[in-house]
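Participant: Quick one, what's the 3D model for this:
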Amino acid sequence: MKKLSKYFLYAVAVVLLLAATLAGSAWYWVTNPVPMQAERIDYRVEPGSSPRRVVNEMREAGIDLNADLFVVLARLSGRDVLLKAGAYEAVRGDSPWKLLDRMATGDMTQVRLTLVEGWTYQRVRQVLRESPAVKQTLQGVSDTELLKRLGAPYDSPEGLFYPDTYVFTPGTSDFDILRRAYQAQQQLLEELWAERDPDLPLKSPYEALILASIVEKETGHSPDRQRVSGVFINRLRIGMPLQTDPTVIYGMGDDYQGRIRKRDLTADTPWNTYTRGGLPPTPIANSGRAALYAALHPEEHDFLYFVSRGDGTSQFSTNLAAHNRAVAKYILKR
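Facilitator: Numbering: from 1, shown residues only. Below you'll find the model as predicted:
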């Protein structure tokens, strides 16, 4: 009986030793760095992915995880039901536990993309196409179809996307980014239109957006924005053509090669404000908050003309004779 008890205690000790060894090995695996093929590796967790699918994606990306152990770890810790879809980055030195916890808490990779004031719609689309972090879904989608998907009651996408820095996870679609930018521009336009100066010769928020895009292209000098807007408002009030070069350039499209010739000013297009009165039919670029504010809060003055001084500022004039002198001084250098 004593010998049997001795063997039993020995067996228990062996089992406990083995258990301790296994526990130690498991703890070592859980908390020590995972072998990786690069310093940083990006990978995605697709919606509805199981721990097995996730670890397979990670292994294909170059993260050398033991698939069976990772699945067991996820299930025993309860994190198998917490895995959040998105883009992640594994860094050399990450342990299996850190990788699992990052996905359970949704600590995803973030990408920044900036849409700049004054960019045209085509420039925005180009930047989205060239970003490796953006999922391309709009190939072959017409502007009309895009506007329909956005719920936009306009005939052109020009000027509808708010210039800002957008933060998103890699794999976000081009449409989702455009939708965010469109909604931001509409919200801002609604807010500023409600607070506009009284008696402006602007019939709708869309006309304000058109004027703001012209102001955006005419000056980047903050103190001049409301004064420039005031010039265009004065011209609209008396029925004087706006005669602004950026609209001519926009109407020229690919024919514009860096300079405007006299014949370009007389070549009629829907956006040529030398040959047509009033505002052009669409914005000519995306305008930011400052330009929109200037369009709806123009400076009150008697100026009808302005010309660039060449340093970012403008010279303003109330009559054509004074304007011609300013042109001779700042443009013709006479």
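
Participant: Residue 185 touches residue 158, doesn't it?
Facilitator: No: with contact defined as CB atoms under 8 Å, residue 185 does not count as touching residue 158 (11.5 Å). C-beta here means a position set from N, CA and C on the backbone, and glycine is covered the same way.

Participant: Got the domain ranges for the chain?
Facilitator: Annotated domains of the chain cover 32-109, 111-189, 197-330 [automatic domain parsing].

Participant: how far does the last one sit from the chain's center?
Facilitator: I take that to be domain 197-330. Taking CA atoms, centre = their mean, to the nearest Å, the mean C-alpha location of domain 197-330 is offset from the chain mean by 27 Å.

Participant: what about that domain, start to end distance?
Facilitator: Taking CA to CA, to the nearest Å, the first and last residues of domain 197-330 lie 33 Å apart.

Participant: Over to stretch 138-156?
Facilitator: Criterion CA to CA; first-to-last residue distance in stretch 138-156 is 16 Å.

Participant: wait, residue 235 sits on residue 228?
Facilitator: No: look at residue 235 against residue 228 with CB under 8 Å: they stay out of range, at 11.2 Å.

Participant: With neighbour numbers in mind, choose between those two.
Facilitator: residue 228 (25 against 21; other CB atoms under 10 Å).

Participant: helix or strand for that one, which one?
Facilitator: Using DSSP states H and E, residue 228 maps to helix 225-238.

Participant: What of residue 41?
Facilitator: strand 40-45.

Participant: quick one: buried residues of stretch 263-282?
Facilitator: When burial is assessed from 16 or more other CB atoms under 10 Å, stretch 263-282 yields the following buried residues: 264, 269, 271, 272, 273, 274, 275, 276, 279, 280, 282.

Participant: Distance check, the closest residue in space to residue 111 that isn't next to it in sequence against residue 123.
Facilitator: Closest residue in space to residue 111, ignoring its immediate chain neighbours: residue 133 at 4.3 Å, by CB to CB, 6 or more residues apart in numbering. According to CB to CB, to the nearest Å, residue 133 stands 18 Å off from residue 123.

Participant: and if you look at residue 263?
Facilitator: 26 Å.

Participant: Residue 146 too?
Facilitator: Noted for residue 146: a distance of 16 Å to residue 123, by CB to CB.

Participant: which residues are contacting the helix or strand containing residue 191?
Facilitator: Using DSSP H and E, residue 191 sits within helix 174-194. For helix 174-194, contacts defined as CB atoms under 8 Å, 6 or more residues apart in numbering pick out 113, 115, 124-125, 128-129, 134-138, 146, 149-150, 152, 159-164, 166, 168, 205, 208-209, 286, 289, 292-293, 296.

Participant: re earlier: paired strands for the strand holding residue 41, with orientation please.
Facilitator: strand 86-91 (antiparallel) (DSSP bridges).

Participant: what sits up against the next helix or strand after the partner strand?
Facilitator: Beyond strand 86-91 on the C-terminal side, the first helix or strand identified by DSSP H and E is helix 96-105. The contact list for helix 96-105 (CB under 8 Å, 6+ apart) reads 29-31, 34, 45, 54, 58, 63, 65, 69-70, 73-74, 77, 79, 82-84, 88, 90, 94.

Participant: Whichever of those residues end up buried, select them in ChimeraX.
Facilitator: Of these, the buried ones can be selected in ChimeraX as follows, counting by 16+ other CB under 10 Å:
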select :29,30,34,45,54,58,63,65,70,73,74,79,83,88,90,94
